[in-house]
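K.L.:
Quick one: sequence plus predicted model below, questions after.
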Amino acid sequence: MRNMRIEQMDFSQFNSAEQAHLQKVIEKKQMQDFMRLYSSLVERCFASCATDFTSRTLTPKENTCVENCTEKFLKHSERVGARFAEHNADMMSGQGR
């Protein structure tokens, strides 16, 4: 979804060096966003699911909890992203009027 927004940006007003720099800045920002999402997911699911610290491995209950937590978190993030994209598209179409 993020790549779609980048493709819609018009970099033609910049020279090739500026375009390359902007692309690197965008890629860095995307990686930061991904790492923030991943860290949030790990923190949330660990806090909710890791309860038995007597073993180095997850118990079956903890493993199921982590799988459910991860799935729910990712579905929520996907839904929020879709809503944001819809809102953004609505705003962009409103500007073209």
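P.N.:
Yep, that arrived. Residues are numbered from 1 along each chain as shown.

K.L.:
how close does C65 sit to G81?
P.N.:
C65 sits 24 Å away from G81, going by Cβ to Cβ, to the nearest Å. For the C-beta atoms, the positions are set from N, CA and C on the backbone; glycine is no exception.

K.L.:
Of these two, give the one with the bigger neighbour count.
P.N.:
The neighbour count for C65 versus G81, taken as other Cβ atoms under 10 Å, is higher for C65 (17 against 12).

K.L.:
Where does the more buried one sit, in terms of helix or strand?
P.N.:
helix 60-95 (DSSP states H and E).

K.L.:
Return the list of helices and strands in contact with that helix.
P.N.:
Helix 60-95 is packed against helix 16-49, with contacts defined by 3 or more Cβ pairs under 8 Å, 6 or more residues apart in numbering; DSSP states H and E.

K.L.:
Test for you: state the pLDDT assigned to the residue sitting furthest away from the middle of the chain.
P.N.:
Here the chain reaches farthest from its C-alpha mean at T54, the gap being 33.1 Å by Cα atoms, centre = their mean. Note on T54: pLDDT of 94.

K.L.:
Using the three-state scheme, assign it.
P.N.:
coil (DSSP: H, G, I helix; E, B strand; the rest coil).

K.L.:
Return the distance of it relative to C45.
P.N.:
19 Å.

K.L.:
and if you look at Q30?
P.N.:
Q30 is 22 Å from C45, by Cβ to Cβ.

K.L.:
In terms of neighbours, single out the busier of those two.
P.N.:
C45 (19 against 13).

K.L.:
Tell me the spacing between the more buried one and S12.
P.N.:
Distance, C45 to S12, by Cβ to Cβ: 43 Å.

K.L.:
ok, now Q30?
P.N.:
From Q30 to S12 the distance is 21 Å (Cβ to Cβ).
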